[in-house]
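Visitor: A predicted structure for the sequence below; I have some questions about it.
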Amino acid sequence: MRSRSRQQTRSMTSGSPLRLLITFAMPLMLGNMFQQCYLITDTLIVSRKLGVDALAALGTTDWYLYLVISVIQALTQGFAILLAQQFGAQDREGLRESFAQSVLLSILSACVLTAGAGLTAPLMLHLLNVPLSIRPAASLYIMICFAGIPAQVLYNFTASVLRAFGNSRTPFAAMVVSSVLNILLDLLFVLVLPWGIAGAAAATVLSQIFAAVWCLIPVCRLDVLSGPDRLSWRPAWDTDRRLLLLAAPVVLQNILISVGGMIVTSVINLFGVDFMAGCAAAGILYGAIETAAIAYGFACTTFTGQNYGAGRMDRVRKGFRQGMLLAVLTGGIIALFTILFGRQITAAFLTGDAARVAAAGDIAYRYLFIICIYLPILYILYVARSTLQGLGDTVMPMVSGLAEFVVRIFMAVVVSKFLGADAIFYGEVAAWAAADIVLLSSVIRHLRKEIRPAEEPAETPAD
């Protein structure tokens, strides 16, 4: 294997699990932070140049955009589970065939999602109770973003492939460079050129295309995928079935979470534009405090998948324990920082009439304070869910998504009538807790079933 290829892959079946999880997650964490910096800058530019109404227009489309993006991420993540397991098992022939079928399925999904998202956009904005005063801006923004769905599919697929092979650095580099490009294009399209909210959307699409190409190049150079014969690119129904059985529950899980978020958004929108703007400002920072959890999740999926494929269940158990410790500690530190400085950060997103800005700012900080008190619960969720997915169990994570959906909707639609807006905020925490109950019980059951101490191989000094 050439040195270039070795740089693009990394086995996680030997060495300290804690060190591997940290070193794998760190580039992803930094990449996510750069992406959040772009989102924060994007929001600042739009809100300060175009006002509170434009910020509300962006915020009210968040969950709908997340629905489409989460389906893309779920599909590619599901495909990557099998790739990671086959990479750990050193099943090169199966790996090539799974990769080829994943490419074909990704192309098909890009076509279906692009057409479906564009056709359903007007109906979804109506169902979300988007105020008529900001609906044209919201519609324009999401339609331009949906034009970039093929680029989203390409980036998420290639990044998932690289992560499955232990390479988190290339997706990190792609995210950093594309985020910087996005900020520069935002400044050009919104501040210099009078393109308004359409300019912000166009900047996002162009940066996504750049990130996709950045990750595509090293994937094409991978030695472990070289030499697939023609049969690998023909329909392989058994392989397609395995890929879809892994991906479909993850897709359904993300759809449930997204639809729940959209229903909550429709309730939020009934509280008025100022309340919407406050939630949008808090939502930007919410994305930032979630970045480490997402990175740990990807790390746990790859680590678990490779070691499960290699038959190293002893390392899976050890990695899960250490991943949980990382989750609790990191969630606590980030929560403390956000509680101390959240009000000042969210205030930067709000401009306009002083009374409206103050009202929106209070809402934003109240939202952040509540979720940060219980943030370790969210971090545990990511580690447990990703460990299950790495083991090939994507059904119980889907069940956890259903639990999130039910609790979140109940709190927003029913409890909010008695407790007001606080029910929406506490609904997030309650949804995380419900998911954790499902996930943790499933992980424990899997590890007890799969691990038999008498059969465990002896730990090497590196472990």
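Guide: Looks like it came in fine. Since this is a predicted model, take the numbers as computed values, not measurements.

Visitor: secondary structure element holding residue 392?
Guide: Assigned by DSSP states H and E, residue 392 falls within no helix or strand.

Visitor: tally of neighbours for it?
Guide: Residues lying near residue 392 (other Cβ atoms under 10 Å) number 19. Any C-beta I mention is one placed from the backbone N, CA and C, and that applies to glycine too.

Visitor: for residue 381, same thing?
Guide: Using other Cβ under 10 Å, the number of residues around residue 381 comes to 26.

Visitor: so who does it touch?
Guide: Counting by Cβ atoms under 8 Å, 6 or more residues apart in numbering, residue 381 touches 293, 400, 432, 435, 436, 439.

Visitor: hmm, residue 444 and residue 384 touching each other?
Guide: No - with contacts counted by Cβ atoms under 8 Å, residue 384 stays clear of residue 444, the gap being 9.4 Å.

Visitor: so between those two, which is more surrounded?
Guide: Applying other Cβ under 10 Å to residue 384 and residue 444 shows that residue 384 carries more neighbours, namely 28 against 12.

Visitor: residues contacting the more buried one?
Guide: Residue 384 neighbours (Cβ under 8 Å, 6+ apart): 324, 436, 439, 440, 442, 443.

Visitor: can you pick out the most distant pair from these?
Guide: 324 and 442 (14.2 Å; Cβ to Cβ).

Visitor: pLDDT below threshold where in the chain?
Guide: When residues are selected by pLDDT under 70, those of the chain lie in 1-8, 38-40, 42-43, 46-60, 226-232, 349-352, 450-463.

Visitor: what ranges do the strands span in it?
Guide: Using DSSP state E, no strands are found in the chain.

Visitor: send me stretch 297-313 as CSV with only the CA atoms.
Guide: Extracted in CSV, the C-alpha atoms of stretch 297-313 (Å, rounded to 0.1, in the frame of the first residue of the first chain):
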residue,chain,number,x,y,z
GLY,A,297,-20.4,10.3,17.8
PHE,A,298,-18.5,9.9,14.6
ALA,A,299,-15.4,8.7,16.5
CYS,A,300,-17.4,6.1,18.3
THR,A,301,-19.1,4.8,15.2
THR,A,302,-15.8,4.3,13.4
PHE,A,303,-14.0,2.9,16.4
THR,A,304,-16.8,0.4,17.2
GLY,A,305,-17.4,-0.5,13.6
GLN,A,306,-13.7,-1.4,12.9
ASN,A,307,-13.3,-3.3,16.1
TYR,A,308,-16.6,-5.2,15.7
GLY,A,309,-15.5,-6.2,12.2
ALA,A,310,-12.2,-7.3,13.6
GLY,A,311,-13.9,-9.3,16.3
ARG,A,312,-12.4,-7.1,19.1
MET,A,313,-15.4,-6.8,21.3
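
Visitor: can you give me the buried ones in it?
Guide: Across stretch 297-313, burial judged by 16 or more other Cβ atoms under 10 Å covers 297-310, 312-313.

Visitor: ok, now stretch 134-150?
Guide: Using 16+ other Cβ under 10 Å as the test for burial, stretch 134-150 gives 134-135, 137-139, 141-142, 144-146, 148-150.

Visitor: among these, name the ones in helices.
Guide: Counted as lying in helices by DSSP state H, out of those, are 135, 137, 138, 139, 141, 142, 144, 145, 146, 149, 150.

Visitor: burial measure for residue 359, as a count.
Guide: 17.

Visitor: distance of the closest residue to it other than its chain neighbours relative to residue 353?
Guide: Counting by Cβ to Cβ, 6 or more residues apart in numbering, residue 359 lies nearest to residue 274, which is 5.0 Å off, once chain neighbours are set aside. Distance from residue 274 to residue 353, counting by Cβ to Cβ, to the nearest Å: 9 Å.

Visitor: now do the contacts for the residue lying closest to residue 399 once chain neighbours are set aside.
Guide: Closest residue to residue 399 apart from its sequence neighbours, by Cβ to Cβ, 6+ apart: residue 438 at 5.5 Å. Contacts for residue 438 (Cβ under 8 Å, 6+ apart) come out as 396, 399, 400, 403.

Visitor: want to throw those into JSON lines with distance to residue 331 and neighbour count?
Guide: Formatted as JSON lines, these follow (distance: Cβ to Cβ, whole Å; neighbours: other Cβ atoms under 10 Å):
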{"residue": "396", "distance to residue 331": "22", "neighbour count": "22"}
{"residue": "399", "distance to residue 331": "23", "neighbour count": "17"}
{"residue": "400", "distance to residue 331": "18", "neighbour count": "27"}
{"residue": "403", "distance to residue 331": "20", "neighbour count": "21"}
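
Visitor: JSON lines for the residues you listed, including distance to residue 203?
Guide: Listed next are the contacts of residue 438 as JSON lines, based on distance: Cβ to Cβ, whole Å:
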{"residue": "396", "distance to residue 203": "39"}
{"residue": "399", "distance to residue 203": "38"}
{"residue": "400", "distance to residue 203": "35"}
{"residue": "403", "distance to residue 203": "37"}
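
Visitor: so residue 44 sits against residue 348, correct?
Guide: Yes - using Cβ under 8 Å, residue 44 is in contact with residue 348, at 6.3 Å.

Visitor: thank you kindly, that will do.
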